[in-house]
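Engineer: got a predicted structure here, sequence first:
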Amino acid sequence: MGSIIPLPRIAPDIDVRPLAYALANMEPELQALVLPGETWDDMMTRRAAAADILNELLAEFADLADDAEAVAW
């Protein structure tokens, strides 16, 4: 439902497909805040690995999107 007061458009529409793809393909343990019995160092190592994996999955989605765009032509 829209607003009766017209609001200026502040930001462009955001495409969330890359993030949805990455989160769907990540292991749930990588997304946990803290795992039971996890030490601080283990948590920081896991989070660094999760960030690397997220970057790789976002790049993978970009490659898939480029390939799909190339096929569409």
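Structural biologist: Perfect, I can see it now. What you see is a predicted model, and the numbers here were worked out from it, not measured in a lab.

Engineer: which stretch of helix or strand covers residue 19?
Structural biologist: Using DSSP states H and E, the secondary-structure element containing residue 19 is helix 17-25.

Engineer: what is the mean pLDDT for that helix?
Structural biologist: Throughout helix 17-25, pLDDT has a mean value of 92.

Engineer: following it, which helix or strand comes up?
Structural biologist: helix 28-31.

Engineer: other SSEs contacting the lengthiest helix in the chain?
Structural biologist: With DSSP state H setting the assignment, residue counts place helix 40-72 as the longest helix in the chain. If you count contacts as 3 or more CB pairs under 8 Å, 6 or more residues apart in numbering; DSSP states H and E, helix 40-72 packs onto helix 17-25, helix 28-31. (Each C-beta comes from the backbone N, C-alpha and C, glycine too.)

Engineer: of all the ones you listed, which one is nearest residue 55?
Structural biologist: When the helices and strands packed on helix 40-72 are compared for distance to residue 55 using CB to CB, the nearest one is helix 17-25, at 8.8 Å.

Engineer: dump the closest one to CSV, keeping only the CA atoms.
Structural biologist: Listed next in CSV are the C-alpha coordinates belonging to helix 17-25 (Å, rounded to 0.1, in the frame of the first residue of the first chain):
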residue,chain,number,x,y,z
ARG,A,17,19.3,-11.5,-6.1
PRO,A,18,23.1,-11.7,-5.6
LEU,A,19,22.8,-11.7,-1.8
ALA,A,20,19.9,-14.2,-1.9
TYR,A,21,22.1,-16.5,-4.1
ALA,A,22,25.1,-16.2,-1.8
LEU,A,23,23.1,-16.8,1.4
ALA,A,24,21.3,-19.8,-0.1
ASN,A,25,24.6,-21.4,-1.0
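
Engineer: what about the spatially most central residue of the chain, distance to residue 26?
Structural biologist: Residue closest to the mean C-alpha point of the chain, counted by CA atoms, centre = their mean, is residue 19 at 2.7 Å. For residue 19, the distance to residue 26 under the criterion CB to CB, to the nearest Å works out to 11 Å.
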